[in-house]
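>>> predicted coordinates and the sequence they were generated for:
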Amino acid sequence: MNELKRIAAIHDLSGVGKCSLTVALPVISASGVECACMPTAILSTHTAVFTGYTVRDLSDDMLPMARHWKREGIHFDALYSGYMISPAQGEIIAEVFDTVSDEGTLKIVDPVMADGGAYYPGFGEEMAAAFRRLCAKADIITPNVTEACFLTGTEFVDGVHDAQFVRELMEKLCKLGSKKIILTGVCPEEGKIGNVMLDCADGEMIHGFYEKLPMAYHGTGDLFSSALAALLVRGADIKDAADCASFLVMEGMKRSVSKDIPAHMGVDFEGILPQYIEKISKLFE
């Protein structure tokens, strides 16, 4: 039997409002990959819509965790980082990457800091600068359109994103240093949304677009990137991995809309996991 792959997910743990580790752990596990967890912070809820949430910064624990993993000789097939509690954590995560990665370790950075043309609460240009430095260490980055604009100093475009805008934006992202870009939340026309992927080495661009649903749910980026990371580690090509990850997101959103779940509570992806597992099982037959 094939050896079980292992990913270290470096994210915050928000107790309510499905995102970050509460998404990464079940989705990566359901994808057939072991998920090790390094919390960057513990919050009572995520920071969008909710107010008065509690926060505990775990920056001081991260490098000791990484050094312990290193001493134990634990191998990670991928390192996948997301939300940081502060710009200073960018340097810590970079050192974690250096400490626990070895030859063949895939490094994926989701620069979680903004959406809808605005930064998340408490974030600004300092966070964008921190993510630029971290993206330079990544093999793959998965920004949404807002994050890509903030990372590259590009004016944000709301609504439809034409092909020239997308191409130029992704070429700017390549200059940050990662090998491949997966840009999420691209709207090629009214009623459509999806992802565009660019290989920075050969300039090949591929995409996958889907019907745009009437609501935007919190945590969809985490849902997508978690599934994508796991499937890539298992050996799927980037187009198949993105298509399966998008299936999980879109079907979970449809389920959430049908059940009238508030957007800030996150996607009801749990009920879609059996279909998702069946879909990826066929992919790896």
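Yes, it's here. Numbers count the residues shown, from 1 in each chain.

>>> please count neighbours and contacts with C-alpha atoms only from this point.
OK.

>>> can you tell me the helix or strand for Glu91?
Per DSSP states H and E, Glu91 falls inside helix 88-100.

>>> same for the next helix or strand after that helix, what does it pack against?
Towards the C-terminus, the helix or strand next in line after helix 88-100, according to DSSP H and E, is strand 106-109. Identification of packing neighbours for strand 106-109 by 3 or more CA pairs under 8 Å, 6 or more residues apart in numbering; DSSP states H and E yields strand 78-81, strand 140-141.

>>> residues in contact with whatever helix or strand comes next after strand 106-109?
Heading C-terminal from strand 106-109, the first helix or strand you meet, by DSSP H and E, is strand 114-115. The contact list for strand 114-115, computed with CA atoms under 8 Å, 6 or more residues apart in numbering, reads Tyr120, Asn144, Val145, Thr146, Glu147.

>>> which of the residues you listed sits closest to Leu232?
Checking these against Leu232 with CA to CA, the nearest one is Asn144 at 19.0 Å.

>>> who does the closest one form a beta bridge with?
On the basis of DSSP bridges, Asn144 is bridged to Thr184.

>>> same question, Glu211
For Glu211, the beta-bridge assignment (DSSP bridges) gives partners Lys192.

>>> what sits against it?
By CA under 8 Å, 6+ apart, the residues touching Glu211 are Gly191, Lys192, Ile193.

>>> skip the chain neighbours and tell me the closest residue to the last one.
By the measure of CA to CA, 6 or more residues apart in numbering, the closest residue to Ile193 outside its immediate chain neighbours is Cys187, 4.5 Å from it.

>>> got it, and Gly116?
Computed as CA to CA, 6+ apart, the closest residue to Gly116 that is not its neighbour in sequence is Thr146, at 6.3 Å.

>>> could you report the neighbour count for that neighbour?
Residues lying near Thr146 (other CA atoms under 10 Å) number 24.

>>> my guess is it meets Glu155, correct?
No. With the criterion set as CA atoms under 8 Å, Thr146 and Glu155 do not qualify as a contacting pair; they are 9.1 Å apart.

>>> returning to that earlier point: ok so the residue nearest to Gly116 is a helix residue?
Yes. When the secondary structure is assigned by DSSP: H, G, I helix; E, B strand; the rest coil, Thr146 falls within a helix.

>>> now it: how far from Ala48?
16 Å (CA to CA, to the nearest Å).

>>> also Leu173?
Using CA to CA, Leu173 is found at 26 Å from Ala48.

>>> name the nearest of the contacts of strand 114-115 relative to Gly159.
Lowest distance from Gly159 to the contacts of strand 114-115 (CA to CA) belongs to Val145, with 10.8 Å.

>>> burial count for the closest one?
What Val145 shows, counting by other CA under 10 Å, is a neighbour count of 26.

>>> returning to that earlier point: need the helices and strands packed on strand 106-109 in a markdown table with mean neighbour count, distance to Gly90 and mean pLDDT, can you?
A markdown table is the format used below for these (neighbours: other CA atoms under 10 Å; distance: least, CA to CA, whole Å; pLDDT from 0 to 100):
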| stretch | mean neighbour count | distance to Gly90 | mean pLDDT |
| --- | --- | --- | --- |
| strand 78-81 | 26 | 10 | 98 |
| strand 140-141 | 27 | 14 | 97 |
